[in-house]
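K.L.:
fold the following for me, if possible:
(one chain, ligands or ions: 2)
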Amino acid sequence: MRDEQGGPVLSVRDLRVAFRTPRGLARVVNGLSYDVEPGRTLAIVGESGSGKSVGALALLGLLPGDVARISGSAVFDGYELIGRDEEEMRAVRGAGVGMVFQDPATSLNPVLTVGRQLVEALRAHASMPKDVARARAEELLAEVGIPDPRSRLEAYPHQLSGGMRQRVMIAIALAGQPRVLIADEATTALDVTVQAQILDLLMRLQKEHSTGVIWITHDLGVVAGIADHVLVMYAGRCVEEGSVDALFERPVHPYTRGLLGATPVVDDPRPARERDLLVTMPGLPPDPVELPEGCAFYPRCPVRADVRCRTEEPPLASVAGDPGHRAATFYTPEGV
Ligand SMILES: Nc1ncnc2c1ncn2[C@@H]1O[C@H](COP(=O)(O)OP(=O)(O)OP(=O)(O)O)[C@@H](O)[C@H]1O
Ligand SMILES: [Mg+2]
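P.N.:
Ligands and ions are numbered 1, 2, ... in the order given. Got it, this is the predicted structure:
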């Protein structure tokens, strides 16, 4: 396969999404760029409202066309996704780029059996007779660890537990053998044991199929365990990105340091990833209708400098001596 010789399977460049709202234009994604490599996991983290889901939905053509303005580029396997019509995007979804949505309760159809939904997903991507699709659907349920898959095909979503529904969502996303899988808070609602099982399952399937994964989450604990590269979003921008080690051990941006609880802890001898990771940060992110001039994190920043940070937007710049690690801040922490 082309991409396995190197090079990303998905390249996003300067992605921007704005919504027309009664209060004015809400600028939700503001110049996002990243690559997804085959067989690797990119984690996208950030607070609620930072544009994580909108950024993913934009790639798949799933935002309401009448209010969303999208610009930039997203090249999947040599094919530009931005600006495609619905029919072209339908061909890409599932077969090319699969997505496990944030809320399985709303993304599974409550009036159709699990089997019917899986068979439809399978037949949407490859012409196959119904009985072949049905056999494949049963296999897929088994693959995602659902016991007694044959009888589960007859179940309706409400008859399954949250963990089982999430597995069904994953099976549907995998039905078209996507090269890129976007998992949006795919395990956040589940208890820790089920979450661990689903993570194991996804990592195994990813390895087998060399799938590129975008893992969207609040849960930094999960990120440390599964991601290769991490991108931290704030107000629709990447404020810091790098390898898992760089982000957890050598965070630079005051927002990332705040998320990790790194700022107030000066002499905690444990490595950052062993500490309680997600501390609540005081203050609120900016209103996307009224983004501030200068750095969007300025009002909450514990180390802001007066004039420059308020008037100038810090560019995403390489961190010296740390390849692939970039941060958008004028601040340089001590010892970095
Ligand atoms: N159709 C829409 N019209 C106007 N604003 C929207 C629309 N859809 C989303 N938004 C706004 O876009 C912003 C980003 O939303 P998004 O769902 O991407 O956040 P998120 O980072 O995924 O948050 P969470 O962690 O809660 O899932 C929010 O302020 C939201 O209100
Ligand atoms: Mg979201």
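K.L.:
contact residues of the chain facing ligand 1?
P.N.:
When proximity is defined as Cβ under 6 Å from any ligand atom, the chain approaches ligand 1 at 19, 21, 26, 28, 46, 48-54, 64, 67, 102, 218, 288. From N, CA and C alone the C-beta is placed, and that goes for glycine too.
K.L.:
what bits of the stretch 201-336 of the chain have low per-residue confidence?
P.N.:
Where the stretch 201-336 of the chain drops to pLDDT under 70, the residues are 262-280, 335-336.
K.L.:
which residues in it form helices?
P.N.:
220-226, 244-249, 254-259, 306-311 (DSSP state H, counting those that start in this stretch).
K.L.:
and among those, the most buried is which?
P.N.:
The highest mean neighbour count among these, using mean count of other Cβ atoms under 10 Å, belongs to helix 254-259: a mean of 24.
K.L.:
filter the residues of the chain next to ligand 1 down to the buried ones, PyMOL style.
P.N.:
Only the buried entries of those go into this PyMOL selection, using 16 or more other Cβ atoms under 10 Å:
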select buried, resi 19+26+28+46+49+50+51+52+53+54+102+218+288
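K.L.:
got a markdown table for the helices of the stretch 201-336 of the chain, with distance to T193 too?
P.N.:
Shown next, in a markdown table, are the helices of the stretch 201-336 of the chain (distance: least, Cβ to Cβ, whole Å):
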| stretch | distance to T193 |
| --- | --- |
| helix 220-226 | 14 |
| helix 244-249 | 23 |
| helix 254-259 | 25 |
| helix 306-311 | 44 |
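K.L.:
right, so of those helices, which gets closest to G321?
P.N.:
helix 244-249 (10.6 Å; Cβ to Cβ).
K.L.:
secondary structure element for the closest residue to N109 other than its chain neighbours?
P.N.:
Nearest residue to N109, sequence neighbours excluded (Cβ to Cβ, 6 or more residues apart in numbering): Q117, at 6.0 Å. Using DSSP states H and E, Q117 sits in helix 114-125.
K.L.:
then L32?
P.N.:
Per DSSP H and E: strand 24-36 holds L32.
K.L.:
can you name the element that comes right after that strand?
P.N.:
Next along from strand 24-36, by DSSP H and E: strand 41-45.
K.L.:
now that following strand - C-alpha only, CSV.
P.N.:
Provided in CSV are the C-alpha atoms of strand 41-45 (Å, rounded to 0.1, in the frame of the first residue of the first chain):
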residue,chain,number,x,y,z
THR,A,41,-2.5,7.3,17.1
LEU,A,42,-2.9,11.1,17.3
ALA,A,43,-4.7,12.3,20.4
ILE,A,44,-6.5,15.6,20.3
VAL,A,45,-7.2,17.0,23.8
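K.L.:
what helices or strands is the helix or strand following that strand leaning on?
P.N.:
Sequence order places helix 52-59 as the next helix or strand after strand 41-45, per DSSP H and E. Identification of packing neighbours for helix 52-59 by 3 or more Cβ pairs under 8 Å, 6 or more residues apart in numbering; DSSP states H and E yields strand 10-21, strand 24-36, strand 41-45, strand 68-76, strand 180-184, strand 212-217.
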